[in-house]
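Asks: fold the following, please.
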Amino acid sequence: MNGGLPHCAVCNKPVDKMEWFDNFDSHHRTFRAFCHGQVEVVDLPNILLIDNLSIEYATAFNQKRLEEK
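Replies: Residues are numbered from 1 along each chain as shown. Below you'll find the model as predicted:
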């Protein structure tokens, strides 16, 4: 994974907190972005991660920004 934090689409700043963990039962890596009192969760199947050398964060909370318009 790259360093830094993803930007929040709602407040246009880096998210307050980012965490990830491996879920060995479901064979996924779970990412959680925390910002403005909300949490966005993304699960990536391990099969996607096998051939990738790095993961780059995208913008968090895009859907929330779309719902506000």
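
Asks: surely His36 and Cys8 touch.
Replies: Yes. Under the criterion of CB atoms under 8 Å, His36 makes contact with Cys8 at 7.0 Å. (Glycine included, C-beta is placed from N, CA and C.)

Asks: where do the contact lists of the two overlap?
Replies: Phe61 (CB atoms under 8 Å, 6 or more residues apart in numbering).

Asks: who has more neighbours out of the two?
Replies: Between His36 and Cys8, counting by other CB atoms under 10 Å, Cys8 is the more crowded of the two (23 against 12).

Asks: if I look at the more buried one, how far off is Pro45?
Replies: Per CB to CB, to the nearest Å, Cys8 is found 25 Å from Pro45.

Asks: what sits up against stretch 13-21?
Replies: By CB under 8 Å, 6+ apart, stretch 13-21 touches 1, 4-8, 29-36, 57, 60.

Asks: would you map the helices across the chain?
Replies: Per DSSP state H, the chain carries helices over the ranges 46-50, 62-68.

Asks: just give me the lowest mean pLDDT stretch among those.
Replies: Averaged per stretch, pLDDT over the helices of the chain is lowest on helix 62-68, reaching a mean of 63.

Asks: neighbours around the nearest residue to His27 once chain neighbours are set aside, how many?
Replies: The shortest distance from His27 to any residue other than its chain neighbours is 4.7 Å, reached at Asn46 (CB to CB, 6 or more residues apart in numbering). Asn46 is flanked by 13 other residues according to other CB under 10 Å.

Asks: for Leu44, same thing?
Replies: The tally of other residues near Leu44 (other CB under 10 Å) stands at 14.

Asks: residues touching it, list them.
Replies: His28, Arg29, Phe31, Ile55.
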